[in-house]
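Chemist: sequence-free structure coming up:
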């Protein structure tokens, strides 16, 4: 079972938020408005908690006159394929029927078995069997208008009709931003990986271990099937609020800051409704920016009987009519090989957007509205990939290490493809320091070139009792430097500690000890650092190679004393719930305090909570099984449940709050009376005041405005 420990990132400090992004990678018109009463216009969504630009960065510029009118990513994303599901993901023999797939090549080079089977089961054709798609023998058996094709495994005579847009563009897009594009073919253990093979492996690896900053809700409704309801101005109504964002003001702030001021690419879902096409963006240009009156803004937005008072944001006092060109990178064909950086213009496409910006008296953007065709032709959501962890994907059923595709192996192949200069090895950071409220340990391999100073990684503040050991067969020296000031604390010949033998020094009230450059007495290249107490500054660990070699870095740190740390945080993900089935959502781990989990689904879905075989929350036989708000004391903790009628806003909108410290792991499940995608939001370490609305005896239920603590 995929536990909530893996799907929910239980982090104490703010960092990347891992978001489950739907697969998919490839748009529409409204009836004429005829408002009769301006005071009763229903707003589907405004700039709110789900699409506030601060979710992407708290350092954005909002003043309109200070935002650029053009900009581009300093490093353009690279073109690659989205490895569609109907072609069995990276099992596809893109180089011809007599070639090996990228998955088979990896299997041969790294000693795996049955890897193609697991790729199909987890990412390819076999992964779709649970959805009950129609069987087929060729494409004529499928619904072409619904972009279906007959998907058959290699050598099979029959298969299933699958949507051609399903794939891993949600992994290729961030990979094209964060990872360098492969340059040359690489041979490893007698197996030659072409550039397109490497792109496939890199993209697959980016399906896991990715941290992102995400903004806006995902629209799961199909506009072509009239599943979205619009008001008289062509704006989705409140019941379809997830299809009304991204807010136009949010879009303008994000694009101009990320591309214009920061030179950073990001990912957009180009289509506003059910299909998801994640594309990395390259540049933008504002082609029109004109001052307009409130009357003119109302008319642009769609009010045929326009008012002289602006009807869509009471706080707006000034308005701009904006047109923008946004360029993004499209996918390359699956059969296209090679580094495509010299042809990136060929893979660059342009979208045109039009909207009204809402400004306050200070000239700051506070919202906006899409106009014209952009009402149904604008991004659904935006996200910024921030980092990639070293994880292994497509492991066997027991999740045995060394059975799947390991990022360390793929990264090694990528480094070889880039043909890096030995004198300037790639900077790496192999440390994973976990959270402030726990101890831990780790190990990683660090290549060190001859006469090169290599960045090994950072030691953050607020870690207790840090110990690091570097072991190499060659003469390699540790260095430790204050990141902020550049002070060399440990370094030969000019560091505070620079001798041959063991020594200690106190720096900013913390004691640092070093083995000395002669090492621990067993061999040169066997050195250690001990930090006594709590780190209070970010330190950069480096290594200098008097000879080239591979170093093993082992590190550990202690948990803080009890009561010295507050373990708190939050996260969210989307969970698919099938009709008539119970779905494992995840495990809420023991030790967390004051936990709140909300499940929101447009369909009737019920929360269930189990302790092993004991059903604490479940209709009809759980300890808590009623329609309304109720509580129980179980195992030294108090469990509060909204009841199966939900929070009062809709069936399928339920919550559980666990007051106190969890004394054991609890499993959360969901039963679907109808099929749907559920949004799961979770919080831990909440204050008593924050959970009070959910733990009171008020049978009318809590104030649901308290659900979002980032407003």
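Modeler: Yep, it's here. Fair warning: this is a prediction, and the values are worked out from it, not measured in the lab.

Chemist: quick one: low-confidence ranges for the stretch 501-650 of the chain?
Modeler: For the stretch 501-650 of the chain, applying pLDDT under 70 flags the ranges 563, 566.

Chemist: now do the strands in it.
Modeler: Secondary structure of the stretch 501-650 of the chain (DSSP state E, counting those that start in this stretch): strands at 503-507, 510-514, 526-534, 539-545, 549-558, 569-577, 582-588, 593-600, 605-611, 614-617, 630-634, 637-641.

Chemist: quick one, which of these is nearest to residue 456?
Modeler: Shortest distance between residue 456 and the strands of the stretch 501-650 of the chain, using Cβ to Cβ, is found for strand 539-545: 4.4 Å. C-beta here means a position set from N, CA and C on the backbone, and glycine is covered the same way.

Chemist: so what does that closest one touch, helix or strand wise?
Modeler: Counting contacts by 3 or more Cβ pairs under 8 Å, 6 or more residues apart in numbering; DSSP states H and E, strand 539-545 is packed against strand 440-448, strand 453-459, strand 476-482.

Chemist: partner strands of it and their direction?
Modeler: Strand pairing for strand 539-545, determined by DSSP bridges: strand 453-459 (antiparallel), strand 476-482 (antiparallel).

Chemist: tabulate the strands of the stretch 501-650 of the chain in a markdown table, adding columns for distance to residue 167.
Modeler: What follows is those, written out as a markdown table (distance: least, Cβ to Cβ, whole Å):
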| stretch | distance to residue 167 |
| --- | --- |
| strand 503-507 | 51 |
| strand 510-514 | 50 |
| strand 526-534 | 45 |
| strand 539-545 | 39 |
| strand 549-558 | 36 |
| strand 569-577 | 17 |
| strand 582-588 | 23 |
| strand 593-600 | 27 |
| strand 605-611 | 27 |
| strand 614-617 | 37 |
| strand 630-634 | 44 |
| strand 637-641 | 39 |
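
Chemist: quick check: which of those is nearest to residue 327?
Modeler: Nearest to residue 327 among the strands of the stretch 501-650 of the chain is strand 569-577; the distance by Cβ to Cβ comes to 28.6 Å.

Chemist: check which residues of stretch 389-399 are buried.
Modeler: By 16 or more other Cβ atoms under 10 Å, the buried positions in stretch 389-399 come out as 391-396.

Chemist: turn those residues into TSV, columns for distance to residue 496, secondary structure and pLDDT.
Modeler: Formatted as TSV, the buried residues of stretch 389-399 follow (distance: Cβ to Cβ, whole Å; DSSP: H, G, I helix; E, B strand; the rest coil; pLDDT from 0 to 100):
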residue	distance to residue 496	secondary structure	pLDDT
391	38	coil	93
392	40	strand	94
393	44	strand	95
394	48	coil	93
395	45	coil	93
396	50	coil	92
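
Chemist: thinking again about what came up before, highest average neighbour count across the helices and strands packed on strand 539-545?
Modeler: strand 476-482 (a mean of 22; mean count of other Cβ atoms under 10 Å).

Chemist: okay, the angle between that strand and strand 549-558?
Modeler: 50 degrees (axes from the mean of the first three to the mean of the last three Cα atoms, to 10 degrees).

Chemist: just checking, next helix/strand downstream of strand 476-482?
Modeler: Using DSSP states H and E, the helix or strand that follows strand 476-482 towards the C-terminus is strand 488-490.

Chemist: what's that following strand in contact with?
Modeler: Contacts with strand 488-490, where a contact means Cβ atoms under 8 Å, 6 or more residues apart in numbering, come from 478-482, 494-498, 505, 507, 512, 514, 529, 539.

Chemist: swap the cut-off to 7 Å and go again
Modeler: 478-482, 494-497, 507, 512, 514, 529 (Cβ atoms under 7 Å, 6 or more residues apart in numbering).
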